[in-house]
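Colleague: Fold the following.
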Amino acid sequence: MATKLMINGTVHTVSADPDMPLLWALRDLLGMTGTKFGCAAAFCGACTVHLDGQPVKSCQTTLASVGTARITTIEGLAADPIGQKLQDAWVSMDVPQCGYCQAGQLMAATALLRETPRPDDAAIDAAMNGNLCRCATYTRIRAAIKQAAGVTA
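Modeller: Numbers count the residues shown, from 1 in each chain. Okay, here's the model as predicted:
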């Protein structure tokens, strides 16, 4: 079945079962490999993308459930001023270690700053809950979010 998806401002048509997870359409059918496979159970957050600006776990989001929502992936994040600030802060604060989770972390952080432009530690922790980092760079992630938000420790 053909499904039209608005991804990073461009319409893409994929031929797939409507029950296919969005993650696999992005990675396998469209070659957008920045969104990572982690756990397939929406626990780790590596597959986080935005649907109409809201973070969702693409491993558990079916093509049928996307509807006409605008999808933003890590590949499109640089076009978002908040996403660009966060990416710059990630580099400045040397956040990534292995880097595998970072796309999902950045997507969650962008959604946070869109809703809470000057978050405190509790807001950051709540928003980032569900995005796991095997390398435990949580302190640097929090510092980068604060830097991008212009919040001092």
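Colleague: Do you have the strands of the chain handy? List them.
Modeller: Using DSSP state E, the strands of the chain run over residues 2-7, 10-15, 48-51, 54-57, 70-72.
Colleague: Just say which of those strands is most tucked in.
Modeller: Ranked by mean neighbour count, the strands of the chain are led by strand 48-51 with a mean of 25 (mean count of other Cβ atoms under 10 Å). To be clear about C-beta, it is placed using only N, CA and C from the backbone, and glycine gets the same treatment.
Colleague: pLDDT (mean, whole number) over that one?
Modeller: For strand 48-51, the mean pLDDT works out to 98.
Colleague: Please name the nearest non-neighbouring residue to the spatially most central residue of the chain.
Modeller: Nearest to the geometric centre of the chain sits Met107, at 2.7 Å (Cα atoms, centre = their mean). Spatial nearest neighbour of Met107, excluding adjacent residues (Cβ to Cβ, 6 or more residues apart in numbering): Thr48 at 4.2 Å.
Colleague: ok, that neighbour - contacts?
Modeller: If you count contacts by Cβ atoms under 8 Å, 6 or more residues apart in numbering, Thr48 has them with 35, 55-58, 103-105, 107-108, 131.
Colleague: CSV please, covering those residues and showing distance to Gln87.
Modeller: Formatted as CSV, the contacts of Thr48 follow (distance: Cβ to Cβ, whole Å):
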residue, distance to Gln87
Thr35, 15
Pro55, 16
Val56, 20
Lys57, 21
Ser58, 20
Ala103, 11
Gly104, 14
Gln105, 11
Met107, 11
Ala108, 14
Asn131, 16
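Colleague: re the thing from before, CSV for the strands of the chain, including distance to Ala64?
Modeller: Below are the strands of the chain laid out as CSV (distance: least, Cβ to Cβ, whole Å):
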stretch, distance to Ala64
strand 2-7, 8
strand 10-15, 12
strand 48-51, 13
strand 54-57, 14
strand 70-72, 14
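Colleague: nearest to Ala136, of those strands?
Modeller: strand 48-51 (18.4 Å; Cβ to Cβ).
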